[in-house]
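**Student:** below: sequence and its predicted model.
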Amino acid sequence: MEESVLRRGVAEFIGTFTLIFIGGGAGAISGNDIVAVALANGLAIGIMVSNFGHISGGLFNPAITLGFLSTRRITPRLAVIYWIA
């Protein structure tokens, strides 16, 4: 596996993990405060895209990866690596 593909996969894993961890944690802690959950998710995705967007493109959602694959902006091999990560 190429180094850049591995690097992109690791960047996607870290970004997706952070988004899920922060979003789930905010939902568990804040209870019914939907604004706090939305702000936590927005800040998490914003920070991850600004940190890892230049490496992997910031496709931290599998549905977005599918959209990029269907419009041929990424290769099928890279999409599979992103989905695994």
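**Tutor:** Yep, it's here. Keep in mind that this is a model prediction, so the values were computed, not measured. Numbers count the residues shown, from 1 in each chain.

**Student:** go ahead and flag the most central residue of this structure.
**Tutor:** The residue lying closest to the centre of the chain (Cα atoms, centre = their mean) is Phe60, at 1.7 Å.

**Student:** just give the nearest non-adjacent residue to it, would you?
**Tutor:** Setting aside the residues directly before and after it, Phe60 is nearest to Gly15 in space (Cβ to Cβ, 6 or more residues apart in numbering), at 4.4 Å. C-beta coordinates here come from the backbone N, C-alpha and C atoms, glycine included.

**Student:** state the number of residues packed around the one you found.
**Tutor:** By the criterion of other Cβ atoms under 10 Å, Gly15 has 25 neighbours.

**Student:** that one is in contact with Gly58, isn't it?
**Tutor:** Yes: counting by Cβ atoms under 8 Å, Gly15 does reach Gly58; the two are 6.8 Å apart.

**Student:** what's the longest helix in this protein?
**Tutor:** Secondary structure of the chain per DSSP state H: the longest helix is helix 3-30.

**Student:** how about low-confidence regions in this protein?
**Tutor:** 1-3 (pLDDT under 70).

**Student:** helix, strand or coil for the nearest residue to Phe68 once chain neighbours are set aside?
**Tutor:** Nearest non-adjacent residue to Phe68, counting by Cβ to Cβ, 6+ apart: Ile74, 4.8 Å away. Put simply, Ile74 is coil when judged by DSSP: H, G, I helix; E, B strand; the rest coil.

**Student:** gap between Ile74 and Val80?
**Tutor:** For Ile74, the distance to Val80 equals 10 Å [Cβ to Cβ, to the nearest Å].

**Student:** in this structure Gly57 contacts Leu69, no?
**Tutor:** No: Gly57 lies out of contact with Leu69 (Cβ under 8 Å); the separation is 11.9 Å.

**Student:** nothing else from me, thank you.
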